[in-house]
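J.: pasting the structure only:
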């Protein structure tokens, strides 16, 4: 078993030595920083090459959301933390139900703050944790694993496919090495890490960029953005209250006090406030217009 794993790791691009940083331990602080920065510059270009596949993944996610399905991220270590992070940011950013996008990490909550390396090797646990969420065929499972081979993630994706759900996989190994059956594989190949095997670096950055693209694009396609502004955010903090007022002011040109009053009348809902002002209607009519336009502010105003 150990020997087989040793051979697997030896062949992975994420586990190879970076020829540009072989003597990084002898460099000055500034030179080390410049080497890291230089290698980081490759990441967005690697992600750019995967846009056709990211597009396919977004289409799957949007379709699932419209049918009441959820997006479930699953990963271990850094990959798992990134999934949980992206999921946790959706409710305050887009006003979504916390159930809509969720993240599973091998080892559970404790693994978010303290590394638990062994848990990623328990393949069957991935499927068990997935089913704790009452996962169904209308949901989408998105595996995140820089090396592709993480047993916990593989087990989760296999369970999702067994159920009949759509599956997405984000890995930093070449597509030709992707030997797991999924609906869409997203493979930004960023090359060997600055420090061999430290996939929290370039690989983690690439994964974070892809996750940003998946949920942000999906939410835009669900009407949660007007122009380039968040209009489905929840006013559950002072910062978000002020951002909501500022958004209404910027879009409509009204003053601070008027924006505050209209938001109160709109029940704190930015979308409703915008339609009320821009269409010159009351709250009920604004809500009806939004419902008919499937939540898109622009369409609600123009209808």
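T.: Nice, I can see it. Everything quoted here is computed from the prediction, not taken from an experiment. Residues are numbered from 1 along each chain as shown.

J.: State which helix of the protein is the longest.
T.: helix 202-221 (DSSP state H).

J.: could you say what helices and strands that helix packs with?
T.: If you count contacts as 3 or more Cβ pairs under 8 Å, 6 or more residues apart in numbering; DSSP states H and E, helix 202-221 packs onto helix 29-40, helix 43-48, helix 51-66, strand 71-75, helix 77-94, strand 140-144, strand 166-170. The C-beta positions use only the backbone N, C-alpha and C, and glycine is treated the same way.

J.: Looking at those, which one is packed in the most?
T.: strand 140-144 (a mean of 30; mean count of other Cβ atoms under 10 Å).

J.: That one - contacts with which helices or strands?
T.: Where contact means 3+ Cβ pairs under 8 Å, 6+ apart, strand 140-144 is packed against helix 51-66, strand 71-75, helix 77-94, helix 151-163, strand 166-170, helix 202-221.

J.: quick revisit: would JSON lines of the helices and strands packed on helix 202-221 with distance to residue 254 and mean pLDDT be doable?
T.: Output for the helices and strands packed on helix 202-221, formatted as JSON lines (distance: least, Cβ to Cβ, whole Å; pLDDT from 0 to 100):
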{"stretch": "helix 29-40", "distance to residue 254": "42", "mean pLDDT": "97"}
{"stretch": "helix 43-48", "distance to residue 254": "38", "mean pLDDT": "98"}
{"stretch": "helix 51-66", "distance to residue 254": "32", "mean pLDDT": "98"}
{"stretch": "strand 71-75", "distance to residue 254": "36", "mean pLDDT": "98"}
{"stretch": "helix 77-94", "distance to residue 254": "24", "mean pLDDT": "95"}
{"stretch": "strand 140-144", "distance to residue 254": "40", "mean pLDDT": "98"}
{"stretch": "strand 166-170", "distance to residue 254": "42", "mean pLDDT": "98"}
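
J.: on that earlier part again, could you point out which of the helices and strands packed on strand 140-144 sits nearest residue 31?
T.: The closest of the helices and strands packed on strand 140-144 to residue 31 is helix 202-221. By Cβ to Cβ, the value is 18.1 Å.

J.: Going by neighbour count, list what's buried in that closest one.
T.: Neighbour counts over helix 202-221 (16 or more other Cβ atoms under 10 Å) mark 202-211, 213-221 as buried.

J.: Take the helices and strands packed on helix 202-221 and lay them out in JSON lines including distance to residue 267.
T.: Below are the helices and strands packed on helix 202-221 laid out as JSON lines (distance: least, Cβ to Cβ, whole Å):
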{"stretch": "helix 29-40", "distance to residue 267": "44"}
{"stretch": "helix 43-48", "distance to residue 267": "39"}
{"stretch": "helix 51-66", "distance to residue 267": "23"}
{"stretch": "strand 71-75", "distance to residue 267": "27"}
{"stretch": "helix 77-94", "distance to residue 267": "17"}
{"stretch": "strand 140-144", "distance to residue 267": "31"}
{"stretch": "strand 166-170", "distance to residue 267": "35"}
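
J.: Could I get the contacting residues of residue 18?
T.: Applying Cβ atoms under 8 Å, 6 or more residues apart in numbering, we find residue 18 in contact with 39, 191, 192, 193, 194, 196.

J.: Distance from the chain centre to stretch 70-84, please.
T.: Distance of stretch 70-84 from the chain centroid (Cα atoms, centre = their mean, to the nearest Å) equals 9 Å.
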